[in-house]
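S.K.: Predicted structure and sequence below. I'll ask about it afterward.
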Amino acid sequence: MDAKFHTIGHHWSRPDGVCPAICTSAEVIGRLPVGLNYFCQPYWVIDYEFTPHGRFRVRSVRAPWAPRRPFQVHLYPPEVPVWEDTRGEKGRRHSAWVTFSAGAQTGLERFIHPARRYARFLDEGGECGILLRQAAQVGRKRGEAGFWAAQALLCRLIELLLTAEPVAQESWRIVPRTSVLAPHGLAARVERYLRAHLRENVPVAILARDLHVSVSTLTHRYPREAGESLIATRRRLRIGQAKLLLAKGPPLKAIAEQTGFHDAFYLSRTFAKVTGATPRDFRRRLAAP
């Protein structure tokens, strides 16, 4: 996938009378194309980057260039020229967007800066990114038949934008709404990921990348939502798995390998610290009549 550009999504034929209505969903992943790109859509655009993507300017060739940063939503009204410059950039691009009609009727026009002609939303928790990826997957899997599912995702995106908090003249912050995304709340997503990677010591930067959130979100928001640190969550899950395996009877060395401790002594020391008993004592209690 990294060797070339990979695009998924769909362009829908909108039913009459639907307002607003999703037109297109898309997600692109792959090697960053190098060049100067231009677009001017007849629809509203919610554009999102998961990785740094060169620089951009809006409305005029005389407008200053600005860096296109990850975990940010750009909202463009119809017929606004946008330039993207990736000349000299290297690496991988991961982007997603939707286009839709009648955005002004939703109240989104109030976010658009009158001179700069766009709005920027900081999506530190990745809520918008998740919904945009889901919309692209609906387009890929269901095509025209997925219109209403994609339309529902668009409505949730618009709700997140409409409830954003002001940060600067053309910048807003998405307020985390884990209830809107359940069961995709950050704590649940992190725990599912760590359970699937118990044997690995996944760095925070890699965990953030795979969950499409910022490192700052993991280190600051996650403890507030989960009630414990990432290190404590990983340790709790590993000790819980070790208890299950101790009941089944494999050697301590094998348990250490399967739970990410990789060393029987380290497992024993951590197990005793957390539970107050050594693995040997824990197993003996399980076997007691």
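M.R.: That came through, no problem.

S.K.: burial of S60, as a residue count?
M.R.: 12 (other CB atoms under 10 Å). Yep, even glycine has a C-beta here, placed from its N, CA and C like the rest.

S.K.: So it lies in a strand, does it not?
M.R.: No - according to DSSP: H, G, I helix; E, B strand; the rest coil, the state of S60 is coil, so it is not within a strand.

S.K.: and it, what does it touch?
M.R.: By CB atoms under 8 Å, 6 or more residues apart in numbering, S60 lies in contact with P81.

S.K.: Can you check what pLDDT the model gives it?
M.R.: At S60, the pLDDT value in this model is 93.

S.K.: Need the phi and psi values for it.
M.R.: phi -150, psi 150 (degrees, to the nearest 10).

S.K.: how close does it sit to S25?
M.R.: 29 Å (CB to CB, to the nearest Å).

S.K.: Ok, R173 next?
M.R.: The value you get for R173 to S25, if CB to CB is used, is 24 Å.

S.K.: Looking at those two, which is more packed in?
M.R.: S25 (30 against 16).

S.K.: Q72 is in contact with E49, isn't it?
M.R.: Yes - under the criterion of CB atoms under 8 Å, Q72 makes contact with E49 at 6.5 Å.

S.K.: what about C40, how many neighbours?
M.R.: For C40, using other CB under 10 Å, the count is 12.

S.K.: Can you list phi and psi of it for me?
M.R.: According to degrees, to the nearest 10, C40 has phi -150, psi 90.

S.K.: okay, now the domains of the protein?
M.R.: 6-179, 185-289 (automatic domain parsing).

S.K.: Where among these is average confidence lowest?
M.R.: Across the domains of the chain, domain 185-289 gives the lowest mean pLDDT, at a mean of 86.

S.K.: can you give me the helices for the stretch 151-289 of the chain?
M.R.: Ranges of helices in the stretch 151-289 of the chain, per DSSP state H, counting those that start in this stretch, are 178-181, 186-196, 204-211, 215-216, 222-226, 230-248, 252-258, 264-275, 279-287.

S.K.: got a markdown table for those, with mean neighbour count too?
M.R.: Formatted as a markdown table, those follow (neighbours: other CB atoms under 10 Å):
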| stretch | mean neighbour count |
| --- | --- |
| helix 178-181 | 15 |
| helix 186-196 | 16 |
| helix 204-211 | 15 |
| helix 215-216 | 12 |
| helix 222-226 | 16 |
| helix 230-248 | 16 |
| helix 252-258 | 18 |
| helix 264-275 | 16 |
| helix 279-287 | 14 |
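
S.K.: among those helices, which is nearest P42?
M.R.: Among the helices of the stretch 151-289 of the chain, helix 178-181 comes nearest to P42, with 29.1 Å by CB to CB.

S.K.: Tell me which stretches of the stretch 1-150 of the chain form helices.
M.R.: So, for the stretch 1-150 of the chain - with DSSP H, counting those that start in this stretch - the helices run 127-142, 147-162.
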